[in-house]
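Colleague: how would this look folded up:
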Amino acid sequence: MARKFLYVIAGLIVLALASSIAYRLWGQQLLTAAMVPSAPFIEPAPLTADDYARRDLWLARPDISRDNPGLWLPPGYKAETAEKKAAVFFVHPTSYLASFRPRWNMPLNDRESLTTAAQFLRGQASAFNAAGTIWAPKYRQAHFGAFLTERPQANNALAAAYRDVAAAFEAFLKANPAGPVILAGHSQGSLHLMRLMQERIAGKPVQDRIAAVYLAGWPVSVEADLPALGLPACSKRGEAACILSWQSFAEPADMHAVTDTYDRSTGLTGAPRKDSRMLCINPLTGAPDSAAAESRNMGTLVLTDPPGGSKIVPHAVPARCDARGFLLIGNPPAMGPFALPGNNYHVYDYQLFWADIRRDAGERLATYLAR
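Modeller: Below you'll find the model as predicted:
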């Protein structure tokens, strides 16, 4: 019996090693095969701003008091008692990860995806709840597999998801007709915010209300995207009415999964993105193309599920922008199981710098209000 047990353990070790090697060698191909939907694309019925007046189409907004992930705070932080001065429109990243017969767009009643989205909001949008009230819409996001293929269905799914975000933003503005606005998102959420800025904000009266924009987890070309967004990149800490973006990689980093697609694409200005620099605003310095040691990091959020065991860890990771515009964070930190191939810490873009982003948003809002 003991010998048989040892054989089983040895077999499991070999299987684990083989799986690890396969993941490193063919991780992207395996993801593509497993996650790209095979179902036909079905156009979702349109939603309007009137639909988004309904509270049930939001994960977070001020009149949701129970189970509002935008209000969550880690141990050691208390809810702000002062009057909130900004309205924060936050678009969450991809949480529709179903691997069994997925659709191209998430059904709005997909409980598992919405639960994951709420967890993302705890780790990301919560950084902004000292600066303002969080408004985070549910939307029929494109499935994760849409980012792994060039099939036309992927673009159709992303366009449908964007239409929901645009309708939600219209309802957000109706509910917040005056006062400063902070825009923030991550990954797919940042992608939709970029289009929203180009089509609904740049050159429009609402542009003057934007205190800051956080486009984390999505590549923003300095040459081919930024000129279409209406606001400049942030140039220093505490500056208002500007844009921040970063993409986190531990070292050694392999960014080909990002750059291969990025270099084949066209920017919002119509110019090719190939070989163009990506916007990198270091969350530890608030400035572009800069570096800071881990001693500058006020606090990394290690988020647990359920979130009761979460904690803030100061001085956990450094950050420096590399020559292409990626944010390098040194040795791989112990954040959880969701680092992507190539030491891509995409999922943790906000959590790695949670306390610094919280301070950054407050400082930029204060500058805006002082103007």
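
Colleague: where does the stretch 51-200 of the chain have low pLDDT?
Modeller: Along the stretch 51-200 of the chain, the parts satisfying pLDDT under 70 run over 81-82.

Colleague: try 90 this time
Modeller: By pLDDT under 90, the weakly predicted segments of the stretch 51-200 of the chain are 65-66, 78-84, 98-101, 149-150.

Colleague: can you give me the strands in it?
Modeller: Secondary structure of the stretch 51-200 of the chain (DSSP state E, counting those that start in this stretch): strands at 58-60, 86-91, 132-137, 181-186.

Colleague: what number of residues lie near the closest residue to H315 other than its chain neighbours?
Modeller: In space, H315 comes closest to E294 once its chain neighbours are excluded; the distance is 4.9 Å by CB to CB, 6 or more residues apart in numbering. Any C-beta I mention is one placed from the backbone N, CA and C, and that applies to glycine too. For E294, the neighbour count with other CB atoms under 10 Å is 16.

Colleague: can you pull the pLDDT of E294?
Modeller: The model reports E294 with a pLDDT of 98.

Colleague: and it, how close does it get to P252?
Modeller: In this view, E294 and P252 are 18 Å apart by CB to CB, to the nearest Å.

Colleague: which residues does the residue positioned nearest the centre of the chain contact?
Modeller: When CA atoms, centre = their mean is applied to the chain, the residue found nearest the centroid is H186 (1.4 Å). Contact analysis of H186 by CB atoms under 8 Å, 6 or more residues apart in numbering lists 91-93, 120, 124, 216-218, 349-350.

Colleague: can I get the strands of the stretch 51-200 of the chain in JSON lines with distance to I312?
Modeller: Conversion of the strands of the stretch 51-200 of the chain to JSON lines gives the following (distance: least, CB to CB, whole Å):
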{"stretch": "strand 58-60", "distance to I312": "21"}
{"stretch": "strand 86-91", "distance to I312": "20"}
{"stretch": "strand 132-137", "distance to I312": "19"}
{"stretch": "strand 181-186", "distance to I312": "19"}
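
Colleague: closest one to R111 among those strands?
Modeller: With respect to R111, and counting by CB to CB, the nearest of those is strand 58-60 at 12.4 Å.

Colleague: and the closest one, which strands flank it?
Modeller: strand 132-137 (antiparallel) (DSSP bridges).
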